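Peer 1: Pasted the sequence and its predicted model underneath.
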Amino acid sequence: MLTVTAAYEIIMQTVRDLGTETVPFERATGRILRQRVMADRPFPPFDRVMMDGIAINFDSYERGQQIFVVEDIQAAGQPRLQLSNTANCIEVMTGAILPELTDTVIPYEHLEAGEHEGFKRFTVNMPVKKGQHIHVLGSDVSSGATLIEPGVQIGPAEIGVLATVGQTTVEVSRKPRVLILATGDELVPVHETPDVHQIRMSNAFSLQACLETMGIEARYIHLSDDQESMLAALTPLIRESDIWISSGAVSAGKYDHLPAVLKQLGMQQLFHKVQQRPGKPLLFGQFKDGPVVFALPGNPVSGFMCFYRYVQHWILGAMQAQIPELSYAVLAEKVVFETNLEYFLPVKLVAKPTGIVTAIPQPYQGSGDLASLLKADGFLVLPAAESVFEEGHVFAVWKFR
Ligand SMILES: Nc1nc2c(c(=O)[nH]1)N[C@H]1C(S)=C(S)[C@@H](COP(=O)(O)OP(=O)(O)OC[C@H]3O[C@@H](n4cnc5c(N)ncnc54)[C@H](O)[C@@H]3O)O[C@H]1N2
Ligand code: MOO
């Protein structure tokens, strides 16, 4: 049976670039950037006043001058003024361009306002340093510098920078078209009251929600456990999606027809079964000129973990997004797992005041225990080769919150 690492590698080898599209920058939050974003001007684009107060020529202050007569006011958004007499000052407002022939800003809090012979003037009552309170032209970023690299997910900080550089539209990755296939005759719609032998469909909706957190909308269809009708339902849909994510009908049951149906439809199966728990029956394949297929086991926790361990990264790869670095956490209590499978242990993550993240195993009745996910933030990866995992040891953690 394939190891988790081998399965992951096979999956990632099938990643295909989904291409790009151009969207208005205000609509780009959450999208994956596909172009370089450069500074069209220096940051800041002019010597920017950082405090409300007065701007002076420091030479006058250095020569011992303490009182400055006001010549004018430089407001934000107003073209640059010039000091006509370097012994005077100009009142300046935060965000204004620094007036010509001034080089130092003194905030109102360090000044005493007065008047003399009809002229407004300020007396300095605190020591002044040359150049203080000026955000110097180009001191943050120089013009033409790359601000954001392709592959970054656009968030609030990126939106602000896009606006600043006048990038009204932006090239981003196209989102995958995803179809979710929910299988099983035991499933009834959410609004219905199930008979005792039935359950409400839930996996399709948690998968939809997993995708929604990535900004991806997906539709779902419900397939019954009948080979002919599965085949008939899926045949017209092959060209419509980039990814199929199915739930259920992939293990050893008499009605687990999905692997056979996918083969009949022409899917090239790349693997079936992975050395892991939960999620061992995972099947993966691809259609030539059609979707890749993640056939997830029906047990809710299995499907959930397979989504985070595999599907998520395929999608990020196909959108040419940066794959996040793996996180690690310290196991909070001893765990014994003797089966020769990689164990995905549901855990709650708690960051201690020491800065160390601990992983607390959550009570868990196996992969059918849907409610156990409510208390878990992710799963810890316990290697197949070992069976006793000691408290205090560090393991990789995959987060779903
Ligand atoms: N003889 C064997 N039996 C099983 C094996 C095995 O290796 N040999 N593997 C077990 C493991 S591990 C898992 S996981 C399950 C996976 O089975 P399937 O993928 O075929 O899934 P189903 O049998 O269709 O369903 C399993 C379980 O999940 C519920 N389910 C399915 N879809 C949904 C949905 N959309 N919403 C809510 N719940 C859903 C379904 O009702 C079943 O209870 O097989 C073991 N058996
Ligand atoms: O994949 Mo199964 O999840 O081990 O119950």
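Peer 2: Structure's in. What do you need? Ligands and ions are numbered 1, 2, ... in the order given.
Peer 1: Output the set of residues of the stretch 301-401 of the chain in proximity to ligand 1.
Peer 2: Within the stretch 301-401 of the chain, the residues that sit near ligand 1 (CB under 6 Å from any ligand atom) are 302, 367-368. For glycine as for every other residue, the C-beta is placed from the backbone atoms N, C-alpha and C.
Peer 1: Skip the chain neighbours and tell me the closest residue to Arg309.
Peer 2: Trp398 (6.0 Å; CB to CB, 6 or more residues apart in numbering).
Peer 1: what residues does the chain put near ligand 1?
Peer 2: Near ligand 1, when you scan the chain using CB under 6 Å from any ligand atom, you find 182-184, 186-187, 199, 201-204, 247-253, 256, 278, 280-281, 297-300, 302, 367-368.
Peer 1: Out of the residues you listed, which end up buried?
Peer 2: Neighbour-count burial within these applies to 182-184, 187, 201, 203-204, 247-251, 256, 278, 280-281, 297-300, 302, 367; the criterion is 16 or more other CB atoms under 10 Å.
Peer 1: So which of those belong to strands?
Peer 2: Counting by DSSP state E, these place 182-183, 187, 247 in strands.
Peer 1: The spatially most central residue of the chain: what's it in contact with?
Peer 2: Central residue of the chain (CA atoms, centre = their mean): Gln153, 5.7 Å from the mean position. Counting by CB atoms under 8 Å, 6 or more residues apart in numbering, Gln153 touches 30-33, 321-322.
Peer 1: Intersect the buried ones among the residues of the chain next to ligand 1 with the contacts of ligand 2.
Peer 2: Contacts with ligand 2 within those, as defined by CB under 6 Å from any ligand atom: 278, 280-281, 297, 299, 302, 367.
Peer 1: could these go into CSV alongside pLDDT and distance to Phe271?
Peer 2: Shown next, in CSV, are those (pLDDT from 0 to 100; distance: CB to CB, whole Å):
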residue, pLDDT, distance to Phe271
Pro278, 97, 17
Lys280, 97, 12
Pro281, 97, 11
Pro297, 97, 14
Asn299, 96, 19
Ser302, 96, 16
Ser367, 93, 19
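Peer 1: if we can go back for a sec, do you know the pLDDT at the residue nearest to Arg309?
Peer 2: On the pLDDT scale, Trp398 is placed at 97.
Peer 1: For the stretch 251-400 of the chain, which segments are assigned as strands?
Peer 2: Assignment of strands within the stretch 251-400 of the chain using DSSP state E, counting those that start in this stretch yields the ranges 268-272, 276-277, 283-286, 292-296, 327-331, 335-336, 342-351, 357-361, 378-382, 388-389, 394-399.
Peer 1: and the fourth one with ligand 2, contact?
Peer 2: Meaning strand 292-296. No. Using CB under 6 Å from any ligand atom, strand 292-296 never reaches ligand 2; the gap is at least 9.1 Å.
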